[in-house]
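Undergrad: coords please:
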Amino acid sequence: MSIKPLVILPDPLLRQVSKPVESFDVDLRKFSADMLDTMYDAPGIGLAAIQVGTPIQMLVIDLAKEDEPKAPQVYINPQVLWSSDERNIYEEGCLSIPDYYAEVERPKQVRVSYFDIEGKPQEVEADGLLATCLQHEIDHLNGILFIDYISRLKREMVVKKFKKLAKDRPTSRLAV
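TA: Numbers count the residues shown, from 1 in each chain. Okay, the predicted model is just below:
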């Protein structure tokens, strides 16, 4: 498989709403493997397709610790069906906003419907880190970033910093 280049803030693609996946074919399976390779290489625990320049509703997650066997999960066209009133706070980061972390408050539990890589409908009830990771990645599919949950002042500082960094960084991503 291959490692894809990551889309980095302030790229406007990160604000694009992703389209539903309609075809569950060999190309989608190959792309999911590429996404997992990219996520492991980064390294990260979650990655949305939009973060590698493909605006489709697909994300991958693996919450296995370093000393555990890999446990890749692929979620296609995921939708949050329910979220708890009880909240959790996690320090979140993002492969598209490298080396920046902030505490984000989200629902502690969620129920998510999705399709697996074979196109079979699935549902998962998640809490803790999995719930947070699913919400973070599903947000990506809707053009929302974790920095949207922090204060406006902090968000503006982060965006300004990444705009400055982007001026010094050559662009290698092709327009989609």
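Undergrad: Helices of this structure, residue ranges please.
TA: Using DSSP state H, the helices of the chain run over residues 26-41, 128-141, 152-168.
Undergrad: contacts for the first one?
TA: Under the contact criterion CB atoms under 8 Å, 6 or more residues apart in numbering, helix 26-41 has outside partners 1-4, 6, 21, 45-47, 49, 52, 54, 58, 60, 62, 70, 72, 74, 76, 95, 117. C-beta: built from backbone N, CA, C; applies to glycine.
Undergrad: Let me know how buried the residue nearest to residue 131 when sequence neighbours are not counted is, in neighbour terms.
TA: Ranked by CB to CB, 6 or more residues apart in numbering and with sequence neighbours excluded, the top spatial neighbour of residue 131 is residue 110, at 4.8 Å. Number of residues near residue 110 (other CB atoms under 10 Å) recorded here: 22.
Undergrad: May I ask you to confirm that residue 110 is in contact with residue 135?
TA: Yes. Applying CB atoms under 8 Å, one finds residue 110 in contact with residue 135, separated by 6.2 Å.
Undergrad: Overlap of the contact sets of these two?
TA: 80, 83.
Undergrad: Let's have the helices of the chain in TSV, adding mean neighbour count.
TA: Shown next, in TSV, are the helices of the chain (neighbours: other CB atoms under 10 Å):
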stretch	mean neighbour count
helix 26-41	17
helix 128-141	21
helix 152-168	12
